[in-house]
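# Sequence and predicted structure, then a few things I'm wondering about:
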Amino acid sequence: MILLGVNIDHCATLRQARYRDAGESLGPSVEPDPVAIAERAWGSGADGITVHLREDRRHIQDRDVWRLRELPALRINLELACTRPMIDLALRLKPQAVCVVPENRTEVTTEGGLDVVGGRARVEACVRSMADAGIEASLFIDPDQGQIELSAELGAPVVELHTGAYANAYHTPAREGEFQRLTRGAALAHKLGLKVNAGHGINYVNIAEVRGLPHLNELNIGHSIMSRALFTGIEEAVREMKARMNP
């Protein structure tokens, strides 16, 4: 069975659209509460909750991740930039997993994979720190041979393949090539002993093809589930995605 990690960042984006300037992240009039969404997603079959605590705190706030950590049995996957302050926060929080992602202050959402080759020393130090703390580290990378091979060499136990290029090409002639690129990347990662996750741009349509990628352990999906939840509620949105992932 492919696991589902539900990313709740966009719930926090909606909250911050009104309450960022108020400096509030919780209270009787502050809504929606991403932690409440996380609880409902978890109770509806999500296998984990993913949050990206950005350096500029544009959506998820520190208080959100600490509240999530207090929920019994909840599996948290913390996405973070490979910087000393974020690494130190993860070591204090001790989530079950972290995913190291690139971060650009001007982007609306993560736009590409982490450059493990270009940032080798920083990434290696991060992976080692997480391993020493008993935290599973994943590297969010494009399905490129060099990035995958170095991820394995640096001792990362997991890679999350960036599916954004494939998702963007879904209705174009480039779709098949991007899917084959992901297929080769997943096969290589598995051969090197890496656990294979994937995420970005996965929705209720392209999941029919994405679920066919080899050796998939987990898919992390946020925007599409949050969008569907506006119409159906988070419980039904999670249940439907799980059903389409594992027919």
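Nice, thanks for sending it over. Numbering: from 1, shown residues only.
# Just the CA atoms of stretch 232-239, as PDB, please.
Only the C-alpha atoms of stretch 232-239 are listed here, as PDB (Å, rounded to 0.1, in the frame of the first residue of the first chain):
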ATOM      1  CA  THR A 232     -16.400  17.900   0.100                       C
ATOM      2  CA  GLY A 233     -14.800  18.400   3.500                       C
ATOM      3  CA  ILE A 234     -11.300  17.200   4.500                       C
ATOM      4  CA  GLU A 235     -12.500  13.800   5.600                       C
ATOM      5  CA  GLU A 236     -14.000  12.800   2.200                       C
ATOM      6  CA  ALA A 237     -11.100  14.500   0.300                       C
ATOM      7  CA  VAL A 238      -8.600  12.300   2.200                       C
ATOM      8  CA  ARG A 239     -10.600   9.100   1.900                       C
END
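# which parts of that stretch are buried?
Residues Ile234, Ala237, Val238, Arg239 are the ones in stretch 232-239 that count as buried (16 or more other CB atoms under 10 Å). Placement of C-beta: from N, CA and C, glycine included.
# Which of the residues you listed fall in helices?
Ile234, Ala237, Val238, Arg239 (DSSP state H).
# in the chain, which ranges drop under the pLDDT threshold?
104-111 (pLDDT under 70).
# For it, which helix extends over the most residues?
Per DSSP H, the chain has its longest helix at helix 175-191.
# now for the following helix or strand past that one, which elements pack on it?
Later in the chain than helix 175-191, the nearest helix or strand by DSSP states H and E is strand 195-199. Strand 195-199 sits against strand 3-7, strand 136-141, strand 158-162, helix 175-191, strand 216-221, with contacts defined as 3 or more CB pairs under 8 Å, 6 or more residues apart in numbering; DSSP states H and E.
# Just name the most buried of those.
strand 158-162 (a mean of 27; mean count of other CB atoms under 10 Å).
# which other residues reach that strand?
Identification of contacts with strand 158-162 by CB atoms under 8 Å, 6 or more residues apart in numbering yields 97, 99, 110, 112-113, 136-143, 148, 151, 182, 185-186, 189, 194-200, 213, 217, 220.
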